[in-house]
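Undergrad: Structure for this input, please:
(one chain, ligands or ions: 1)
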Amino acid sequence: MPKKVLIAYATRSGSTAEIAQAIAEELGAGGAEVDVHLTRDVEDVGEYDAVVLGGPVIIGWHRDAMKFLGRHKRALAAKPVAYFIVSLEFCRSDTDQFQSIPIFQQPAHGEPPANPNKLRMTEKHNSPAGYLAPVLKKAPAVKPVEVAFFSGYVDYSKQDLFGWLFLKLLIGAKAGDFRDWGAIRGWAADLRAKLGLDA
Ligand SMILES: Cc1cc2nc3c(=O)[nH]c(=O)nc-3n(C[C@H](O)[C@H](O)[C@H](O)COP(=O)(O)O)c2cc1C
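TA: Residues are numbered from 1 along each chain as shown. I've put the predicted structure just below:
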């Protein structure tokens, strides 16, 4: 029997949906049966052997991803789980780890801190610990086999007024697609074994 894996994702403007799809293709290439769903459409995770949960940073991790974790934390604690977190900013020093969780970082995603021994406030916010602490607090018994950090995109045509103002005025974000499909697919291909999906 092929193993069944769920990729549950949240998205605001679509970039994470396409990342979820690429991950699904790589996991499926190993023979697993893969379902891809928006987090809010998933009622039960019982039928799955493994779960990959992803979402963008919208100030914090997308609230639908956080709600999914809250709803399914008991079931997820008993399965192999991986997270992927999509953002524009990411600030990691070479030695940065968080609670011994393996971290994968898309090459050239974000900037390392100016001084690793003394992080600025925004650097702390954008660090693995800054992004991950609330996620792990939400579901402490869920121990992800790995957490991947990927770049997303800025597409002003897909933003509502709040999103447009936030990106333009607060972050001053340049429009562009910063996703690295090689890194995303490479991570997903390596994830098969880590999730126990290899036949
Ligand atoms: C309202 C809003 C808030 C955001 N907050 C952050 C943030 O705090 N840090 C960051 O690095 N990126 C932030 N982003 C950028 C998104 O993470 C990025 O555009 C991502 O690709 C969006 O994913 P989606 O297309 O799946 O919604 C924000 C974007 C919006 C619209």
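
Undergrad: pLDDT weak spots in the chain?
TA: Residue ranges of the chain with pLDDT under 70: 199.

Undergrad: Get me the contact residues on it for the ligand.
TA: Contact residues, the chain versus the ligand (Cβ under 6 Å from any ligand atom): 11-16, 56-59, 86-89, 152-154, 159, 162-163, 166-167. (C-beta placed from N, C-alpha, C; glycine too.)

Undergrad: Of those residues, which count as buried by neighbour count?
TA: Among the residues of the chain next to the ligand, the ones that count as buried by 16 or more other Cβ atoms under 10 Å are 11-13, 15-16, 56-58, 86-89, 152-154, 159, 163, 167.

Undergrad: Take the residues you listed and keep only those in helices.
TA: Counting by DSSP state H, the members of those that fall within helices are 15, 16, 163.

Undergrad: Nearest to the ligand: which residue in this structure?
TA: When distances are taken as Cβ to the nearest ligand atom, the chain reaches nearest to the ligand at residue 152, 1.9 Å away.

Undergrad: hang on, that residue packs against residue 54?
TA: No. Look at residue 152 against residue 54 with Cβ atoms under 8 Å: they stay out of range, at 10.8 Å.

Undergrad: Give the residues shared as contacts by these two.
TA: Common neighbours of residue 152 and residue 54, counting by Cβ atoms under 8 Å, 6 or more residues apart in numbering, are 16, 19, 86.

Undergrad: picking up where we left off before, strands - which of the residues of the chain next to the ligand land there?
TA: 56, 57, 58, 86, 87, 153, 154 (DSSP state E).

Undergrad: Leaving out sequence neighbours, find the closest residue to the second one.
TA: Across the structure, with Cβ to Cβ, 6 or more residues apart in numbering as the measure, the residue nearest residue 57 apart from its sequence neighbours is residue 87 (3.8 Å).

Undergrad: who's in contact with that neighbour?
TA: Contacts of residue 87 by Cβ under 8 Å, 6+ apart are 56, 57, 110, 126, 131, 149, 150, 151, 152.

Undergrad: do that again at 7 Å, thanks
TA: 56, 57, 152 (Cβ atoms under 7 Å, 6 or more residues apart in numbering).

Undergrad: What is the burial count for residue 41?
TA: By other Cβ atoms under 10 Å, 7 other residues sit near residue 41.

Undergrad: Likewise for the one 4 residues further on?
TA: Other residues near residue 45 come to 20 when the count uses other Cβ under 10 Å.

Undergrad: buried stuff in stretch 69-77?
TA: In stretch 69-77, counting by 16+ other Cβ under 10 Å, buried: 69, 71, 72, 76.

Undergrad: For the chain, just list every one of the helices.
TA: Along the chain, counting by DSSP H, helices occupy 15-29, 63-76, 121-125, 128-138, 161-165, 181-194.
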